[in-house]
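*Asks:* turn this into a structure:
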Amino acid sequence: EISATMEEIASIVSLNTESSQKTSSNTIRTIDAIKEGSVSTEQSLEAMKEVVEKVKVINEIAFQTNILALNAAVEASHAGEAGKGFAVVANEVKKLAERSNNAASEIEELTAKVFQISEIAGSKLINIIDETKQSSHLMKEIAAASLDQNTNIQQINDSIQVLNKMIQNNNSESEKINVKALFVSESAKKLNDQVSYFKLRQS
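*Replies:* Numbering: from 1, shown residues only. The predicted structure follows:
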């Protein structure tokens, strides 16, 4: 019964070891996937920085265009009747510059929000990586402990098997001794009967 129980325990520990090793492998793959996600997030942040720089250039161009439009409008007013058409064009250019400036400002705000979200996501990914690494380390320790347990249980099981054989051998020897003892007992009884017979004859 002990031997059968030990074999059952060994089987359970073996399954635990296999499960721990699989979980550890899955955790490592998860860490790799998260690292890739973290790299992508960093690349997104770099791209966002470039977008911010480009938007600043657009803002600068819009600002300069607006100044040029204002100067053109002033020059057109000095030209009087001849400059009316030019004043209309300068006004349209000014409107376009303002629209460009507004669009650039909106893009800048959106980019800032996305940048902030990406930074938070990147920070969370780093925390997840750290926690997953700790989990992976624990799973490796569990797998190693399970392997040790499996080895120890196997040694105990082997010892029980040896003990079982010894007990069986002892039983076999005991049976032989019992047979011999029975033979000696019967022989003694016969001898006793014979001695009693001689005693009766002498009487």
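
*Asks:* how about the helices of the protein, start to end?
*Replies:* Assigned by DSSP state H, the chain shows helices spanning 2-79, 84-202.

*Asks:* please tell me how far the residue most central in space within the chain sits from Leu138.
*Replies:* For the chain, the residue nearest the mean C-alpha position is Thr27 (2.3 Å; Cα atoms, centre = their mean). As defined by Cβ to Cβ, to the nearest Å, Thr27 lies at a distance of 9 Å from Leu138. For glycine as for every other residue, the C-beta is placed from the backbone atoms N, C-alpha and C.

*Asks:* sorry, back to before: isn't the residue nearest to the centre of the chain up against Lys140?
*Replies:* No: checked against Cβ atoms under 8 Å, the pair Thr27 and Lys140 is beyond contact range at 9.0 Å.

*Asks:* now Lys140: how far from Val13?
*Replies:* 16 Å.

*Asks:* where's Ala33 relative to Lys94, distance?
*Replies:* Noted for Ala33: a distance of 52 Å to Lys94, by Cβ to Cβ.

*Asks:* so between these two, which is more surrounded?
*Replies:* Lys94 (18 against 11; other Cβ atoms under 10 Å).

*Asks:* who touches the more buried one in this structure?
*Replies:* 65-66, 69-70, 73 (Cβ atoms under 8 Å, 6 or more residues apart in numbering).

*Asks:* who's in contact with Gly83?
*Replies:* So Gly83 contacts 75-77 (Cβ under 8 Å, 6+ apart).
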